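1. From the sequence below, what's the structure:
(chains A and B)
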Amino acid sequence: MIEIRHLRKEYDHVTPLRDVNTEIRDGEVITVIGPSGTGKSTLLRCLNLLEKPTSGSIRIDGEEILTPGIDLNLIRRKIGMVFQSFNLFGHLTAIENIMKPQMDLCGRSKQEAYDISQELLKRVGLVSSALRYPDELSGGQKQRIAIARTLAMDPEVILFDEPTSALDPSMIGEVEAVIRDLARAGKTMMIVTHEMNFARSISTRVLYMDNGEIYEEGTPEQIFMHPEKELTRSFIYQLKVLEINIDHSSFDLPGASGEIAYYGRKNQIPPKTVMHIQLVFEEMVQQILILELGKKRITFRLEFSEAEEQARIIIQYQGEAIDMEKVKNQLSVILVRNVISDLESESVPESPLNNRLSMRIRP
Amino acid sequence: MKPRHALMKNRLAILLMTGLMLLLFCVTSAAEKTDSPAVSSLKELAHSRIAVTTGSIQAIQAEKLFPDAEISYFSTHVDCLEALRVGRVDSWIEADALLKYMCRENPDLTYIEEALSERMDAAAAFPKTDRGRRLCDEYSEYLRKIKASGVYDALQNNWFGTDGVKWDVPDREKLSGQNGTLRIAVDTSMVPFTFLRDGEIVGADVDILLSFCGEYGYQVEFSVMDFSGVIPSIVSGKCDFACGGIAVTPERMESLYFSEPTYEGFSLAAVRKEAVPEREADFFRSIAASFEKTFIRENRWKLFLRGIGNTLLITVLSVLFGSILGFLIYLLSRKGNAIADRLIRGYVFLLERMPIVVLLMVLYYIVFRKTVIGGLAIAVIAFSLVFGAAMYGMLLSGERAVDKGQEEAASALGYSDRQTFFEIILPQAVQHFMPSYKGQVISLLKGTAVVSYIAVQDLAKMGDIVRSRTYEPFFPLIAVTVLYFLLAALLIKAVEILIGNIDPKRRKPEKILKGVRTHD
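-> A predicted model of the protein is given here:
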């Protein structure tokens, strides 16, 4: 139904959208997740042309909407939008906010607009607030009115731009319930959100955006349970990552150990775990790999998942694979094995650092 | 809530009036105190304090004759007179005709017999153009003729003589005007040459002028202004010529043609009599007397009424046109055209900073010099321009007060830019700028007090005219102040009725859903 190809948006100094390709099919509920500043909102705003894309194509039912001279206002009527900051019209009551656009833009009579608005107020549970002004409503109520206002225009798709980000935590639920209700009724929606549980439970498809692109997409199951790509994983598991490159010549080993200690403190990693990480770093890198490999490149990557309170270490190195059983310094191997689990060794031929060791620090 | 509010307002009004009365009392009682000694000969003036009117010939004479004296420059004769009476100055140097007239009206003053100067002529002044030359020749020819025939003396007798033949002056209404209408610049404070009596411009020079017009078939139209505006208005061609005790000096002759003298006189110095008679001490009686002089005598209230009419006309029309102008500019600026934007910013920059007097003068003497557009219309144009700039600023700040999100939401719903502005932004912006709008209306009202620079007789000018006739220094000023207060209250009320009641939040629920069956 909506087809997006090579969509790009540039400003003078930043490029929030590099190359976006996807489509929205009828009845789909798509959530867009990803770190801040990666173009999620820009994507939504390009879809209803609040921002003018620099290049690319957007087709709605086969019709290209980026053709110059097209009637923007007609297109916007097909695409509803709900904003983070509600944006209700301050001089109108709740019900007028819903009625006025219908009368001004859809040619409905006041009576028709009123009847539809009453229906919608019932649906969002705010019949009793019909004659209140926006500044007399709570954030959650305002957002529900804003949703009703959008619904009144019968849009083919509704875009939600972080609909709960400006809300008090106690009000997030009421707005999410309204959106869930719409999803059940089969409304086509695209939702940018930071509420992971909500995204996971409501969507039919999840887009993970990073760096101006759709970096990974899939079902909620795929994205939330088994993310495949590195950035998706660190986002989903809320990983804190520390990377240390050992490229010899003048590498400062005590300095690196200090860096791990600082990183641990900063991310509130339990001190015992930090000590174990330092031990793994010193024994594995210093006492085993450097001795075995000589002057080869090694990277030490530490991932700490806040959600699961778990530390994982991935070491990649150049050259021949090393079998831990045959290492000369067996004492170090024993020391390391005491604090880790799930040691895996594999070969990654596509990387310049072609060997990979991964392990978990025991809690 | 309402009655209490009204009560507060009443109290405020009473407080204000009391304050004004007290002020009046202070100034009138202060005016009676005088301790400086009186002067009786010209020699004593050398180190004394002297009053002159700005730009007058006597100002130059005083500077030359008494370099060590402390000279105060006043803009009207009333101020000079009052300064002398209360002892701020020791003497007042002025043309003999005026001073003699003043001393007759004010028994506490006298003049030093000894003249300050050689003979000094006053004459009608003409612009240095062909037409000016021709008119000047006609006027001089007429003057020579009536001086020879004795008509001149008879005319002068009307004003300076005590007995003898009086001469009938043609009625202004009955002038044929077959040879066109002359626009004459006059300063109506030039007693006894050109001044106001019973709301009419009269005086010795007016008599000569009207007789001349009767003889040569002209009609007359007076342009009343301060003396400082008289010469610019003929040099710029706004008026055909000027009369009213204008002294002939070599410097003025460089830029003007002068007719045959209309009065032959000299300068005198007026001083206080040694014994200053105690004035009426009864406060209320003196107020009543001032009131009678200011409003009742010679039907002067009509002057105030005319002044109020002009002030209101200028203010109301300027607010109206200015609002429309500001609105149009604002709509234009929303289109985002770079050139239009720069022009608008230039206009706003200029108008917000330019002194309104300068703007008035530029429009009157330069831009509309050759047109028939009168002072009143030019005042409306100038103040509309100023108000337009203010209106633009108010709309801009009103729009900024409405958060950008609502504009986006309207766009996202499918409103066009125009619809968004009129349906969503404007109704809210109005609420934001309403308080400053009222303030601007008031400051415009007060601002119009400078229109006398371009010969428009507004309320403030009428106050001055009455002062120059009654020689009441303060009462007319205070009367004018009170009238401005009332006008301001009236205008604010009008604005509130017209615009103030559109606050959408004050609507009643029935009105919001008017015409809808609510079936529950």
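
2. so what's the backbone phi/psi at A:E217?
-> The phi and psi values for A:E217, taken as degrees, to the nearest 10, are phi -140, psi 160.

3. for chain A, what are the nearby residues on the stretch 401-520 of chain B?
-> Listed as neighbours of chain A in the stretch 401-520 of chain B under the rule Cβ under 8 Å from any Cβ of the partner chain: B:402-403, B:405-406, B:408-416, B:419, B:423-424, B:427-428, B:431, B:504-505, B:509, B:512-513, B:515-518. In this view, the C-beta of every residue, glycine as well, is placed from N, C-alpha and C.

4. make it 6 Å
-> B:405-406, B:409, B:412-414, B:416, B:424, B:427-428, B:504, B:509, B:515-516 (Cβ under 6 Å from any Cβ of the partner chain).

5. I'd like to know which helix or strand in chain B has the lowest mean pLDDT.
-> In chain B, the helix or strand scored least confidently by mean pLDDT, DSSP states H and E is helix B:2-30, which has a mean of 64.

6. Can you dump the C-alpha atoms of stretch A:231-246 in CSV for me?
-> Taking Å, rounded to 0.1, in the frame of the first residue of the first chain, the C-alpha atoms of stretch A:231-246 are listed here in CSV:
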residue,chain,number,x,y,z
LEU,A,231,23.9,-2.9,16.8
THR,A,232,20.4,-4.4,17.2
ARG,A,233,21.7,-6.7,19.9
SER,A,234,23.4,-4.0,21.8
PHE,A,235,20.3,-1.9,21.6
ILE,A,236,17.8,-4.7,22.5
TYR,A,237,19.9,-5.9,25.4
GLN,A,238,20.9,-2.4,26.3
LEU,A,239,24.5,-3.4,26.1
LYS,A,240,27.3,-1.2,27.4
VAL,A,241,30.3,-1.9,25.2
LEU,A,242,34.0,-1.4,25.8
GLU,A,243,36.4,-2.1,23.1
ILE,A,244,40.2,-2.3,23.5
ASN,A,245,42.5,-2.6,20.5
ILE,A,246,45.9,-4.2,21.1
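
7. So what touches it?
-> A:208, A:210, A:215-216, A:227, A:256, A:263, A:267, A:298-307 (Cβ atoms under 6 Å, 6 or more residues apart in numbering or on different chains).

8. same check, this time on stretch B:298-308
-> In contact with stretch B:298-308 (Cβ under 6 Å, 6+ apart) are residues B:D198, B:G199, B:F295, B:D458, B:L459, B:M462, B:V466.

9. List only those of these flagged as buried.
-> The neighbour-count test (16 or more other Cβ atoms under 10 Å in any protein chain shown) applied to the contacts of stretch B:298-308 identifies B:F295, B:D458, B:L459, B:M462, B:V466 as buried.

10. Could you dump these into CSV with secondary structure added?
-> CSV is the format used below for the buried ones among the contacts of stretch B:298-308 (DSSP: H, G, I helix; E, B strand; the rest coil):
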residue, secondary structure
B:F295, helix
B:D458, coil
B:L459, helix
B:M462, helix
B:V466, helix
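
11. Report the two of those residues separated the most.
-> B:F295 and B:D458 (17.4 Å; Cβ to Cβ).

12. Around chain A, pick out the residues from chain B.
-> B:405-406, B:409, B:412-414, B:416, B:424, B:427-428, B:504, B:509, B:515-516.

13. my hunch is that A:T42 is in a helix, does that hold up?
-> Yes - judged by three-state DSSP, A:T42 forms part of a helix.

14. ok, and the closest non-adjacent residue to it?
-> Spatially, and ignoring its direct neighbours in sequence, A:T42 is nearest to A:P16 (4.2 Å; Cβ to Cβ, 6 or more residues apart in numbering or on different chains).

15. mean confidence for stretch B:329-348?
-> Stretch B:329-348 shows a mean pLDDT of 88.

16. same deal with stretch A:284-294?
-> 84.

17. residues in contact with the helix or strand where B:F222 lies?
-> Using DSSP states H and E, B:F222 falls within strand B:219-224. By Cβ under 6 Å, 6+ apart, the residues outside strand B:219-224 that reach it are B:175, B:177, B:181-186, B:188, B:201, B:213, B:239, B:455, B:457.

18. Right, I'll call it a day here.
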